[in-house]
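Chemist: have a look; sequence and predicted model below, questions after that.
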Amino acid sequence: MRLLSAVVGIPIAILVVFVGGLPFALTVLALSLIGLWELSRFMEQRGWWVIKPLAIPLLALAILGAYFGSDNPNWLLPGFVVLWWGSVFGCLFVHIAFRQTEATAPPVGWRLSSIGATLLSVWYLALFAFLVLLRQQQATVADQPYPLGRDLVFLVLLTVWGTDSVAFFFGRAFGREPLAPLVSPGKTLEGSVAGTVAGFLIAWLFAWGLISFGGSEATTKLWLHLAQPVPFTLLALALGTVGQLGDLGKSVIKRELGIKDFGALIPGHGGVLDRFDSLLATAPLVYFYVRWVIP
């Protein structure tokens, strides 16, 4: 089932990334809202109310704002300040306005747990916006526009999913030493090291492939600039390691919720958060790397 999902899902993902633009942004928005539904339903089973009438428009603002504001990177900090301010004080306002009688007063700590659950949901899932920011990246080579964002999204997808796959299969075959037994008992140190090495190699092979076989002089020039030995080596290592930290972070949440998977949307892989957790951790790294290398 895991393999069948990959056979069906990978061509769809490739098509959406190639198309880019608003269809890509709307797809990412849909994924973030599904992720919100997955996370909130399990939180609410534990008695932690996620304020979805606030969370949904804030996520839409973050992701569509990334699409429409991508031409001006200076909007990023103010945009996330608005997201932070709106989510914090929005949660407080909802609980100020929430009408109740003394007989229906919630237990002590209920409001605080609701605010915490909502803030975690919004801030975590708003990281999907970085996938949109990546896809929107454009470069100019010899006075010609180049769709750099397409390459960057494929770089993230290939390295993260390659890391996850190698860590999973190598860990099952050869793993002995638990990596984080209290959080994710199935993960091993051997699998993690193999995944990091795989992510590093995939990132460099991807860059080398575009430099050598990209099909245009613009591609070669741009990726020679992007894949500078020292900084790109650090990025390649980060993609393999930080992606796994993103996966372990999701496992912390699942452990607290007492669940194995967030859903069954992707057979053999779980829900949206089970499949895209590492991307949420690594997409910001690639975005800021590119903004640093290509100001």
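Modeler: Everything's here; your move.
Chemist: can you pull out the strands in the stretch 1-150 of the chain?
Modeler: 139-141, 144-146 (DSSP state E, counting those that start in this stretch).
Chemist: of all those, which lies closest to residue 41?
Modeler: Of all the strands of the stretch 1-150 of the chain, it is strand 139-141 that lies closest to residue 41, at 41.2 Å by Cβ to Cβ. The C-beta positions use only the backbone N, C-alpha and C, and glycine is treated the same way.
Chemist: I'd like the next helix or strand past the longest helix seen in the chain.
Modeler: Counting by DSSP state H, the longest helix found in the chain is helix 229-257. The helix or strand immediately downstream of helix 229-257 is helix 272-293, counting by DSSP states H and E.
Chemist: list the buried ones in that following helix?
Modeler: Judged by neighbour count (16 or more other Cβ atoms under 10 Å), helix 272-293 contains these buried residues: 272-287, 289-290.
Chemist: for residue 145, which non-adjacent residue is spatially closest?
Modeler: Nearest residue to residue 145, sequence neighbours excluded (Cβ to Cβ, 6 or more residues apart in numbering): residue 138, at 5.6 Å.
Chemist: dump the residue contacts of the one you found.
Modeler: Residue 138 sits next to 145, 146, 147, 148, 149 when contact means Cβ atoms under 8 Å, 6 or more residues apart in numbering.
Chemist: next: residue 255.
Modeler: Residues near residue 255 by Cβ under 8 Å, 6+ apart: 182, 183, 184.
Chemist: selection in ChimeraX covering whichever of those are buried, please.
Modeler: Listed next is the ChimeraX selection for buried residues among the contacts of residue 255, using 16+ other Cβ under 10 Å:
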select :183,184
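Chemist: quick one: which of the contacts of residue 255 sit in strands?
Modeler: Using DSSP state E, the members of the contacts of residue 255 that fall in strands are residue 184.
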